[in-house]
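**Student:** Got a predicted model here, sequence first, then my questions.
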Amino acid sequence: MDFAVSTWLWTSPFSTKTIELFPKISAMGFSHVEIPVEDPDLIDAKVVAKALEDHGLKAILCAAFGPSRDLTHDDSKVHQVCKDYVYRCFDLCHAWDCKFVAGPMYSAVGKARLVSPEQRKIEWNRAVTNLREICERAEKESLSIALEPLNRFESDLINTAQDVVNLVSDINHPAARILLDSFHMTIEERDLEAAIRLAGDKLIHVQVSENYRGAPGTGLTNWEAIKRGLAAIGYDDVISIESFTPNVQELAGAVCIWKPFAESQYQFAEDGLRFLKETF
């Protein structure tokens, strides 16, 4: 098992300057760094690729989906904006030797409403149609997408492993895969092990934090159930710590983190990594 940490733990948005974090991330013992791409224009892909190589890190690309990147929107122009953004993320994948783009790309984060079954079906079908098109492009570029369920407070479309398995089934394309995040799972799943088993061989990435978004091993999460689930499906890829800093106002507001969860963000990462290595 390999371990990663998201640069969202320290800053937002990721830019070329964020490579200043790479030496410390590498020194702590992480083999991978998860790069959240909010704005591709802020990133010099070649400079980042050189920094990854210099510090012995591999990249995982996590995409961000705000209101202007919504594949379920009523306006098809918004769909195209989202697709164009994802395709730019594909370009970064090639620059950094990533095999997939991860994230909740089926809809906009924060789009959580009570809608009629008829409207939900319309939006579901839009997501399926648009994601199949993205998958077709991904396959041509030897890439995949890893679709992430979010908790009910962040999305009304895909909340559970069953939801995302249903979505992947309807997309019906080999490039459509799954990402599970322990934070969202502790809110939405009845059985963490069963949820992971359900994702099965479609699972290509795992993100973790505690039930309160703190460092793994400091909260209420049933890590033994997660461990059993991953072992049952033979998952031996990357487990990535994803949490956020309260020091970036816009990010803190988006994820409702108002205070630090450790003495420092580096302490958060070190404690989390130590626990993950001991557990997995």
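**Tutor:** In hand now; what should we look at? Numbering: from 1, shown residues only.
**Student:** only C-alpha atoms for contact and neighbour calcs from this point on.
**Tutor:** Fine.
**Student:** what ranges do the strands span in the stretch 101-250 of the chain?
**Tutor:** 144-147, 176-181, 203-208, 238-241 (DSSP state E, counting those that start in this stretch).
**Student:** can you tell which of those strands is closest to residue 153?
**Tutor:** With Cα to Cα as the criterion, residue 153 lies closest to strand 176-181 of the strands of the stretch 101-250 of the chain, at 14.6 Å.
**Student:** Now do that closest one: everything it contacts.
**Tutor:** Under the criterion Cα atoms under 8 Å, 6 or more residues apart in numbering, residues 102-103, 132, 135, 144-149, 161, 164-165, 168, 196, 199, 202-209 lie in contact with strand 176-181.
**Student:** what do you get if the cut-off is 7 Å, keeping everything else the same?
**Tutor:** Strand 176-181 is touched from outside by 102, 135, 144-149, 168, 202-208, with contacts defined as Cα atoms under 7 Å, 6 or more residues apart in numbering.
**Student:** do the same with stretch 212-221
**Tutor:** The contact list for stretch 212-221, computed with Cα under 7 Å, 6+ apart, reads 183, 186, 208-211, 243, 261, 268, 271-272, 275.
**Student:** circling back to that earlier point, mean pLDDT and mean neighbour count for the strands of the stretch 101-250 of the chain - can I get that in a markdown table?
**Tutor:** Below are the strands of the stretch 101-250 of the chain laid out as a markdown table (pLDDT from 0 to 100; neighbours: other Cα atoms under 10 Å):
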| stretch | mean pLDDT | mean neighbour count |
| --- | --- | --- |
| strand 144-147 | 98 | 26 |
| strand 176-181 | 98 | 25 |
| strand 203-208 | 98 | 23 |
| strand 238-241 | 98 | 24 |
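**Student:** will you turn these into CSV that also has distance to residue 54?
**Tutor:** CSV is the format used below for the strands of the stretch 101-250 of the chain (distance: least, Cα to Cα, whole Å):
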stretch, distance to residue 54
strand 144-147, 26
strand 176-181, 28
strand 203-208, 24
strand 238-241, 20
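**Student:** closest to residue 13 out of the ones you listed?
**Tutor:** So among the strands of the stretch 101-250 of the chain, strand 238-241 is nearest, using Cα to Cα, at 17.2 Å.
**Student:** Now the buried members of the contacts of stretch 212-221.
**Tutor:** The neighbour-count test (16 or more other Cα atoms under 10 Å) marks 183, 186, 208-211, 243, 261, 268, 271-272 as buried among the contacts of stretch 212-221.
**Student:** Go through those residues and say which is closest to residue 231.
**Tutor:** Using Cα to Cα, residue 208 is the member of the buried ones among the contacts of stretch 212-221 that sits closest to residue 231, with 16.1 Å.
**Student:** quick one, what contacts that closest one?
**Tutor:** Residues in contact with residue 208 (Cα under 7 Å, 6+ apart) are 181-183, 216, 239-242.
**Student:** let's see 6 Å
**Tutor:** 181-182, 240-242 (Cα atoms under 6 Å, 6 or more residues apart in numbering).
**Student:** same thing with residue 275?
**Tutor:** residue 217.
**Student:** residue ranges for the helices of the stretch 51-200 of the chain, please.
**Tutor:** All helices of the stretch 51-200 of the chain, identified by DSSP state H, counting those that start in this stretch, fall at 76-96, 117-140, 161-171, 182-188, 192-199.
**Student:** okay if I get these as CSV plus mean pLDDT?
**Tutor:** Formatted as CSV, the helices of the stretch 51-200 of the chain follow (pLDDT from 0 to 100):
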stretch, mean pLDDT
helix 76-96, 98
helix 117-140, 98
helix 161-171, 98
helix 182-188, 98
helix 192-199, 98
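**Student:** Distance to residue 228 added to these, as a markdown table?
**Tutor:** Below are those laid out as a markdown table (distance: least, Cα to Cα, whole Å):
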| stretch | distance to residue 228 |
| --- | --- |
| helix 76-96 | 31 |
| helix 117-140 | 30 |
| helix 161-171 | 16 |
| helix 182-188 | 14 |
| helix 192-199 | 6 |
